[in-house]
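Asks: got a predicted structure here, sequence first:
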Amino acid sequence: MKANTDHWMGLPKNLLWGYIAIFLFMTGDGFELAFLSKYIVEIGFSPAQATFAFTVYGLCAALAAWASGVIAEVITPQKAMKIGFLMWVVFHVLFMIFGLTQKNYYFILLFYGIRGLAYPLFLYSFIVVIVHNVREELVGSACGWFWAAYSLGIGVIGSYLPSLIIVHIGELNVLWFSLVWVCAGGMLAMVSLKNIKTSTHLLDLSTREKFSEMSRAVTLLVSNKNIALASVVRIINTLSLYGFAIIMPLLFVGDLGFTMPDWLQIWAIFFFSTIVFNVFWGIMSQKWGMLRLIRWYGCIGCAVFSLSFYYLPVYFGDNFWIAALGATLLGASTAAFVPMTALFPALEPEHKGAAISVCNLSAGLSNFFAPAIATLLLPFVGVKGVVFAYSALYILAFLLTLYIQFTQKEFGPMTRSTARSVS
């Protein structure tokens, strides 16, 4: 049963400190995103080895993301977030000491990969808190604020702050500094969410029943066609986000003459754009319909603006503001996928935790497939070919949304037959 939640523009006030905790944690987690691949190359490894490290990380993140929704319901979201927080700290330290400092590629893969299991447990368990404490018709806007906090952390501060200090203290010290932010977010979450109530009906299940409920996160992909289609769309959703962070520094800094601080600030602008539009699209999804928003502003928008993010700096050269325009447009269209988080539990209302797990699995698989596609294609078609591959997949996502059947509260039917009439 949902709590009577006071809110401001869809932001649940009783969860405010939880949102701040997500922001702090993801700021620390995002410090490395826009420069680590290039740094791994600089310490002696090939671009393919660098992208493969991100691929391993993404695969581990996908596994943890898949399990996080149901784990959060089985052991409580607070415990799941605590486990994720502690794992991140431990394996980040091991990754720094034995991987990067020693320039040991096998330890880089091992500890960075295991660390990839940590952040999804912390991040996505908070979605379970939202779903159980916010009225269904407000979940879309509450998730918009969730992704705004995520983007402000991992993208804006997580990219902009390193751009200011990286030339002064170096990459390794920036990565050590990330621990401060992660610890602040983790400890704040432990304190602020301690007394927040969530559904407890799964806590009383037997061990066998708990494993059965966890397996539902896989079986839903077979038993619910709409969940399966939405899963593929969610995977495609953030291909440009995770992929461009890896391949674009090679273009911007390597070929076009931008400095590393310039690139980090451009990437921060991308995320700042997603913050504004995460909130905007979350609110608008209640009025325009989630699928309509995802289909036209998300899928088609990303297909077009992924190409413009590449071509604008290629055509105009190292012009910061032109590149920033491309980043802003891509960020706005990426944010249009924000209703996906609310769509999954709405498609499977009897098993919301399992539905959230499928959504999280899809998000994690996006973290895996984005660098995997880059790893496979980069040696043959270069950065340009990878960008075109991402754009084509957004067109595929557009087509898949036409076959998702969904009726949204306070909006009306959105099925294959009616989608065309309202789109």
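Replies: Sure thing, it's come through. Owing to the predicted nature of the structure, the values given are computational and were not obtained by experimental measurement.

Asks: mind checking which helix or strand of the chain has the lowest mean pLDDT?
Replies: Least confident helix or strand, the chain: helix 416-422 with a mean of 35, by mean pLDDT, DSSP states H and E.

Asks: which one's the longest helix in the protein?
Replies: In the chain, assigned by DSSP state H, the helix with the most residues is helix 352-401.

Asks: tell me, how many residues neighbour residue 103?
Replies: Using other Cβ atoms under 10 Å, residue 103 has 12 other residues around it. The way it works is simple: take the backbone N, C-alpha and C, and place the C-beta from them, glycine included.

Asks: quick check: closest non-adjacent residue to it.
Replies: Nearest residue to residue 103, sequence neighbours excluded (Cβ to Cβ, 6 or more residues apart in numbering): residue 43, at 5.3 Å.

Asks: how many other residues sit next to that neighbour?
Replies: 14.

Asks: likewise residue 169?
Replies: 12.

Asks: show me what contacts the residue nearest to it when sequence neighbours are not counted?
Replies: Leaving aside its sequence neighbours, residue 169 sits nearest to residue 177 (Cβ to Cβ, 6+ apart; 7.7 Å). By Cβ atoms under 8 Å, 6 or more residues apart in numbering, the contact set of residue 177 is 31, 165, 169.

Asks: do the same with residue 128
Replies: Counting by Cβ under 8 Å, 6+ apart, residue 128 touches 69, 72-73, 77, 198, 353, 356.

Asks: that one belongs to a helix?
Replies: Yes - under DSSP: H, G, I helix; E, B strand; the rest coil, residue 128 sits within a helix.

Asks: which elements pack onto the helix or strand where residue 242 lies?
Replies: Element membership for residue 242 (DSSP states H and E) is helix 239-252. Contact here means 3 or more Cβ pairs under 8 Å, 6 or more residues apart in numbering; DSSP states H and E; on that basis helix 239-252 packs against helix 36-42, helix 47-75, helix 260-288, helix 301-316, helix 320-335, helix 352-401.

Asks: could I get those as CSV with distance to residue 142 and mean neighbour count?
Replies: Putting the helices and strands packed on helix 239-252 into CSV (distance: least, Cβ to Cβ, whole Å; neighbours: other Cβ atoms under 10 Å) gives the following:
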stretch, distance to residue 142, mean neighbour count
helix 36-42, 31, 20
helix 47-75, 16, 24
helix 260-288, 8, 23
helix 301-316, 23, 20
helix 320-335, 15, 22
helix 352-401, 13, 21
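
Asks: for the ones you listed, give me JSON lines that also has distance to residue 86.
Replies: What follows is these, written out as JSON lines (distance: least, Cβ to Cβ, whole Å):
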{"stretch": "helix 36-42", "distance to residue 86": "22"}
{"stretch": "helix 47-75", "distance to residue 86": "14"}
{"stretch": "helix 260-288", "distance to residue 86": "27"}
{"stretch": "helix 301-316", "distance to residue 86": "35"}
{"stretch": "helix 320-335", "distance to residue 86": "31"}
{"stretch": "helix 352-401", "distance to residue 86": "19"}
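
Asks: turn these into a markdown table, columns for mean pLDDT.
Replies: A markdown table is the format used below for these (pLDDT from 0 to 100):
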| stretch | mean pLDDT |
| --- | --- |
| helix 36-42 | 86 |
| helix 47-75 | 83 |
| helix 260-288 | 84 |
| helix 301-316 | 95 |
| helix 320-335 | 95 |
| helix 352-401 | 89 |
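
Asks: select, out of the ones you listed, the one closest to residue 226.
Replies: Closest approach to residue 226 among those is made by helix 352-401 (10.2 Å; Cβ to Cβ).

Asks: quick one, that closest one and helix 47-75 angle?
Replies: On the basis of axes from the mean of the first three to the mean of the last three Cα atoms, to 10 degrees, helix 352-401 is oriented at 130 degrees to helix 47-75.

Asks: so how far is helix 352-401 from its chain's centroid?
Replies: On the basis of Cα atoms, centre = their mean, to the nearest Å, helix 352-401 sits 12 Å off its chain's mean C-alpha point.

Asks: if we can go back for a sec, give the helix, strand or coil label for the residue nearest to residue 169.
Replies: Criterion first, three-state DSSP; result for residue 177: helix.

Asks: per-residue pLDDT, it?
Replies: On pLDDT, residue 177 comes in at 93.

Asks: repeat that for residue 208.
Replies: Confidence score, pLDDT, at residue 208: 64.

Asks: equivalent analysis for the one 4 residues further on, please.
Replies: According to the predicted model, the pLDDT of residue 212 comes to 67.

Asks: swap in residue 149?
Replies: With respect to pLDDT, residue 149 has a value of 90.

Asks: which residues touch it?
Replies: Applying Cβ under 8 Å, 6+ apart, the residues contacting residue 149 are 19-20, 22-23, 26.

Asks: give the residue spans of the stretch 101-250 of the chain that score low on pLDDT.
Replies: For the stretch 101-250 of the chain, applying pLDDT under 70 flags the ranges 136-137, 198-214, 217.

Asks: all helices of it, in order?
Replies: 105-115, 118-133, 139-151, 158-192, 207-223, 225-237, 239-252 (DSSP state H, counting those that start in this stretch).

Asks: which among those is found nearest to residue 82?
Replies: Closest to residue 82 of these, according to Cβ to Cβ: helix 158-192, at 6.0 Å.

Asks: list the buried residues for the closest one?
Replies: Within helix 158-192, the residues that count as buried by 16 or more other Cβ atoms under 10 Å are 158-163, 166, 171, 174-175, 178-179, 181-186, 188-189, 192.

Asks: how about residue 362, nearest residue that isn't a chain neighbour?
Replies: Once flanking residues are discounted, residue 362 sits nearest to residue 234: 3.6 Å by Cβ to Cβ, 6+ apart.

Asks: how near is that neighbour to residue 345?
Replies: Distance of residue 234 to residue 345, computed by Cβ to Cβ, to the nearest Å: 13 Å.

Asks: look up the closest residue to residue 333, ignoring the ones flanking it.
Replies: Nearest-residue entry for residue 333: residue 301, 2.9 Å, with adjacent residues in sequence omitted and distances by Cβ to Cβ, 6+ apart.
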